[in-house]
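Student: can't give you the sequence, but here's the structure:
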């Protein structure tokens, strides 16, 4: 489901064509009679949840409204496409998001984690999950399904937060 934010009752831009326009995507879910199907999405990424698509890139002016699998509270995510500029992204406690040029920190998850620790970014890790900002339960579980990190082409960060950019701190 998608929506558009507009100041006008009669006119609005098209978020896929106008970067000045703001759009919304809502996380799909099954109605209570089919609740067992919702369980299939626990810990999955936003592509598997039906919010993003690999075949049709979502512009960064479209925000996603998600619902926690555990506490059911909603939160809004902004995103960036990590496959185009070839960047790596990592999550830390408190849902901070760190980005770095692809390959800058190493080639394997182990090399990357070692470099993050050695340069002052010890809260971040290659397979850290993205967590619900309300209850801290795991929302996107890279630890449980390691291949998900390669499948997810979008990095996420909470609305009204900032992306951190890697630099050597130590």
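Tutor: Right, received. Where do you want to start? Please read these numbers as outputs of a predicted model, since none were measured by experiment. Numbering: from 1, shown residues only.
Student: can you give me the end-to-end span of stretch 72-88?
Tutor: Terminal residues of stretch 72-88 lie 29 Å apart, using C-alpha to C-alpha, to the nearest Å.
Student: in it, what counts as buried?
Tutor: When neighbours are counted by 16 or more other C-beta atoms under 10 Å, the buried residues of stretch 72-88 are found to be 75, 77, 78, 79, 80, 82, 87, 88. Yep, even glycine has a C-beta here, placed from its N, CA and C like the rest.
Student: skip ahead from the helix or strand bottoming out on mean pLDDT in the chain and say which helix or strand is next.
Tutor: Counting by mean pLDDT, DSSP states H and E, the chain has its least confident helix or strand at helix 35-39, which shows a mean of 63. Counting by DSSP states H and E, the next helix or strand C-terminal to helix 35-39 is strand 62-67.
Student: quick one, helices of this protein?
Tutor: Taking DSSP state H as the criterion, the chain carries its helices at 35-39, 109-118, 148-151.
Student: so which elements touch the second one?
Tutor: Spelled out, it's helix 109-118. When contacts are defined as 3 or more C-beta pairs under 8 Å, 6 or more residues apart in numbering; DSSP states H and E, helix 109-118 packs onto strand 87-91.
Student: quick one: the strand it packs on to chain centroid distance?
Tutor: Relative to its chain's centre, strand 87-91 lies at 10 Å (C-alpha atoms, centre = their mean, to the nearest Å).
Student: so which elements touch that strand?
Tutor: In terms of contacts (3+ C-beta pairs under 8 Å, 6+ apart), strand 87-91 is packed against strand 97-101, helix 109-118.
Student: okay if I get those as a markdown table plus mean neighbour count?
Tutor: What follows is the helices and strands packed on strand 87-91, written out as a markdown table (neighbours: other C-beta atoms under 10 Å):
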| stretch | mean neighbour count |
| --- | --- |
| strand 97-101 | 19 |
| helix 109-118 | 16 |
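Student: could you tell me the least trusted of those?
Tutor: If you rank these by mean pLDDT, strand 97-101 sits at the bottom with a mean of 87.
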